[in-house]
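>>> pasting a predicted model and its sequence here:
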Amino acid sequence: MALSTVFLVGSAISLVGGLAGAAAQSQSLSYQQSVAQANAARATADASAQENRQFRNDRRQIASARAAMGSSGLMVDSGSSLSVLSDMAAQQAENRLQIRYGGQTASANASNRATAYGQQATGALLGGATKFAGGIAQTSYAYGNAWS
């Protein structure tokens with residue numbers, strides 16, 4: 001009888017320890033999920049701020065180019081001057097879109113990581129609970145057989 005009681009107590013301690021380990025792993029993964037969600041939001045905000053800075057810089061460059069062309073006597077509203085300014089503006093707009101899309105990609109990647117961490121956290125809890133239930137069943141079976 002004493003041996004089976006020791007076995008039962010040892011099994012119970014092992015099961016509780018396994019459940020606590022699963023809960024700790026789940027909590028850690030939930031924290032990583034929160035960090036990844038924050039990174040997703042920050043990536044979007046950073047890209048937006050960078051795009052806005054680039055837009056202001058682009059406007060200054062266009063204004064400077066217009067002023068330089070105007071001061072040299074060129075007509076800036078027609079002909080090759082207008083073509084140069086239009087091409088410059090188009091390239092700048094493309095650059096700003098690349099900044100935006102880069103931020104969206106970084107945000108999507110971080111969101112995907114957050115989702116994965118959340119799923120892993122849930123899996124850790126379910127896995128721990130399943131092991132706990134299986135361990136109880138196994139211990140009950142073994143303890144029942146020890147008394148037979």
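Thanks, I have it.
>>> now the residue nearest the centre of the chain: how far from residue 44?
The centroid of the chain falls nearest to residue 110 when counting by Cα atoms, centre = their mean (2.1 Å). Look at residue 110 and residue 44: by Cβ to Cβ, to the nearest Å, they are 9 Å apart. Where C-beta positions appear, they are placed from N, C-alpha and C, glycine not excepted.
>>> then residue 99?
From residue 99 over to residue 44 (counting by Cβ to Cβ), the distance is 12 Å.
>>> just the CA coordinates for stretch 24-41, please, in PDB.
C-alpha atoms of stretch 24-41 as PDB (Å, rounded to 0.1, in the frame of the first residue of the first chain):
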ATOM      1  CA  ALA A  24       4.000  29.100 -18.400                       C
ATOM      2  CA  GLN A  25       4.700  28.300 -22.000                       C
ATOM      3  CA  SER A  26       1.300  29.600 -23.000                       C
ATOM      4  CA  GLN A  27       1.900  32.800 -21.000                       C
ATOM      5  CA  SER A  28       5.300  33.300 -22.700                       C
ATOM      6  CA  LEU A  29       3.800  32.800 -26.100                       C
ATOM      7  CA  SER A  30       0.900  35.200 -25.300                       C
ATOM      8  CA  TYR A  31       3.500  37.900 -24.400                       C
ATOM      9  CA  GLN A  32       5.300  37.300 -27.700                       C
ATOM     10  CA  GLN A  33       2.000  37.600 -29.400                       C
ATOM     11  CA  SER A  34       1.500  41.000 -27.800                       C
ATOM     12  CA  VAL A  35       5.000  42.200 -28.800                       C
ATOM     13  CA  ALA A  36       4.300  41.100 -32.400                       C
ATOM     14  CA  GLN A  37       1.000  43.000 -32.400                       C
ATOM     15  CA  ALA A  38       2.800  46.100 -31.200                       C
ATOM     16  CA  ASN A  39       5.500  45.600 -33.800                       C
ATOM     17  CA  ALA A  40       2.800  45.500 -36.500                       C
ATOM     18  CA  ALA A  41       1.300  48.700 -35.400                       C
END
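>>> go through it and flag the buried ones.
The neighbour-count check on stretch 24-41 (16 or more other Cβ atoms under 10 Å) flags 25-26, 29-30, 32-33, 36-37, 39-40 as buried.
>>> of all these, which two lie farthest apart?
25 and 40 (22.6 Å; Cβ to Cβ).
>>> thank you, goodbye.
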